[in-house]
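Q: For reference, the sequence and a predicted model appear below.
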Amino acid sequence: MALLDAPRPSSRLRDRAVRFVEAATTPLLPADYLDLFAPLRSGADLRGRIEQVIPETSDAATIVIRPGADWAGHVPGQYIRIGIDVDGVRHWRAYSLTHGPRSDSRISITVKAVPDGKVSNHLVHDSRPGTLVHLEQATGEFVLPGDSPVKALFVTAGSGVTPVIGMLRNLFPVTDEGAIPLQRSKDHDIVVVHVAPSEPDSIFIDNLRTLDEAGMIRLVDRYDDVHGVLDVNQLEALVPDLAERTTYACGPSGLLDALGAHHEAAGLDLFTEQFRPATVVAGDGGTLALDRSGVTLELDGSTPLLDAAEEAGVLMPSGCRMGVCFGCVLPLKSGAVRDLRNGEITTAVPGETDNGGVPIQTCINAAAGPCHLDH
């Protein structure tokens, strides 16, 4: 009597074929060769191919990407982490998606080159169509609630406009012929207070003005070189019905902190998105010993451990560099570090804390005395 779990001949032949192909391609696997010919296929690591690089300002560009087959889609306002190789090192950064779901299935991010920003400058000035990048699925909760009409105020500053433009483009598409009214968006009531250093530095200002002229939003544009830095106490004058609106804000930490204090005192709803961590005065610094690398560094109290180690030539695990993704976590074996976002101290004491060390994020922690990392 045949055993029920005995392999069928076809199964044995398939297994032999797989082993033969694997042996023929050693040390690589068949999937490694498939990656060369079909890197965006289903089942592969999620990647995307850059298809367009569209300048927005002198230091900002929109990158249009064709994502792989396993891309799960996104909600307007969410962001993705993108991995790109620069000088032989893979770096990960987080960027807002600047469109709603598109009919051509492409996605886009808009990147502003920041001073000394290795990845942002590479994407804006050096990226080319055809380049493959690594992707993670979209995430983030800076989104509008469902499909119900909203009465909202968007406050954006600089590149903080990127998640907001994704929401607005989804509600009010803009073509070469102008803004397109959609039945599902007709009851939305949106004011946008958009802040930029100057008008030429204002990303998406043409898009915002088109929506304003079509009566789909009310735009209040403010430029530091004309109006001075925005005082949040002026919001009631700029938006008289502020108390009736839900505020969504994205921009530098100083603006978000001021808005937070203002709205809390007034009892108003506020949702924020911030990609760069706010820092506080961090203390006196100390020494950083990277045990397995054999490197010891003298550090100030305001430089992230990740940045300091990389500046010294040590290859470190990294990700978003914002304290979001936990791609930079290493064990603190001993010593003390300070969180640059809130000043909190984390310590590791041999004999008292876990022998494996205390996991810390090196991108948002600085030395607060002598410290040893297992790296």
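A: Noted; the coordinates are in hand. This one's a predicted model, so the numbers in the text were calculated from it and none came from an experiment.
Q: Please enumerate the helices of the protein.
A: 9-25, 30-37, 118-121, 161-171, 205-213, 224-227, 235-238, 253-266, 305-311 (DSSP state H).
Q: now what about the third one, what contacts it?
A: Counting contacts by CB atoms under 8 Å, 6 or more residues apart in numbering, the residues outside helix 118-121 that touch it are 84, 86, 91, 93, 111, 112, 113, 114. (Each C-beta comes from the backbone N, C-alpha and C, glycine too.)
Q: which one of the residues you listed is nearest residue 39?
A: Using CB to CB, residue 84 comes nearest to residue 39 of those, at 14.1 Å.
Q: That closest one contacts residue 126, correct?
A: No: the criterion here is CB atoms under 8 Å, and residue 84 misses it with residue 126 at 10.1 Å.
Q: which residues in the stretch 1-150 of the chain form strands?
A: 47-57, 60-67, 79-86, 89-96, 107-112, 132-135 (DSSP state E, counting those that start in this stretch).
Q: Give me the contact list for the second one.
A: Pointing back at strand 60-67 there. Residues from elsewhere that reach strand 60-67 (CB under 8 Å, 6+ apart): 40, 46-56, 98, 105-113, 123-124, 127, 133, 135, 159, 203.
Q: List the residues that contact the spatially most central residue of the chain.
A: Among the residues of the chain, residue 94 comes closest to the average C-alpha position under CA atoms, centre = their mean, at 1.8 Å. Applying CB under 8 Å, 6+ apart to residue 94 gives the contacts 79, 80, 81, 82, 275, 320, 322, 324, 325.
Q: is it in a bridge, and if so with what?
A: Under DSSP bridges, the beta-bridge partners of residue 94 are residue 81.
Q: Residue 40 versus that one, what's the distance?
A: For residue 94, the distance to residue 40 equals 21 Å [CB to CB, to the nearest Å].
Q: Over to residue 355?
A: Here residue 355 is placed at a distance of 44 Å from residue 40 (CB to CB).
Q: Of these two, give the one with the bigger neighbour count.
A: Set side by side, residue 355 and residue 40 show more neighbours around residue 40, with 17 against 8, by other CB atoms under 10 Å.
Q: Tell me the confidence at the more buried one?
A: Among the per-residue scores, residue 40 shows a pLDDT of 88.
Q: And for residue 205?
A: 93.
Q: how close does it get to residue 45?
A: As for residue 205, its distance to residue 45 is 37 Å (criterion: CB to CB).
Q: So if I had to pick from these two, which one is more boxed in?
A: Ranked by neighbour count (other CB under 10 Å), residue 205 and residue 45 place residue 205 first, with 19 against 12.
Q: which residues touch the more buried one?
A: By CB under 8 Å, 6+ apart, the contact list for residue 205 reads 194, 196, 199, 221.
Q: Now do the contacts for residue 163.
A: With contacts defined as CB under 8 Å, 6+ apart, the neighbours of residue 163 are 76, 77, 78, 79, 96, 97, 98, 140, 142, 250, 273.
Q: how does the chain divide up, domain by domain?
A: 47-135, 151-273, 286-373 (automatic domain parsing).
Q: Kindly check the end-to-end length of the first one for me.
A: Domain 47-135 has an end-to-end distance of 5 Å (CA to CA, to the nearest Å).
Q: do the last one as well
A: Distance between the two ends of domain 286-373: 13 Å, counting by CA to CA.
Q: in the stretch 151-300 of the chain, which ranges drop under the pLDDT threshold?
A: Low-confidence segments of the stretch 151-300 of the chain (pLDDT under 70): 275-283.
Q: Does residue 72 touch residue 138 like I think?
A: Yes: under the criterion of CB under 8 Å, residue 72 makes contact with residue 138 at 7.4 Å.
Q: which one of these two has more residues nearby?
A: Comparing residue 72 with residue 138 by neighbour count (other CB under 10 Å), the higher total belongs to residue 138, at 20 against 8.
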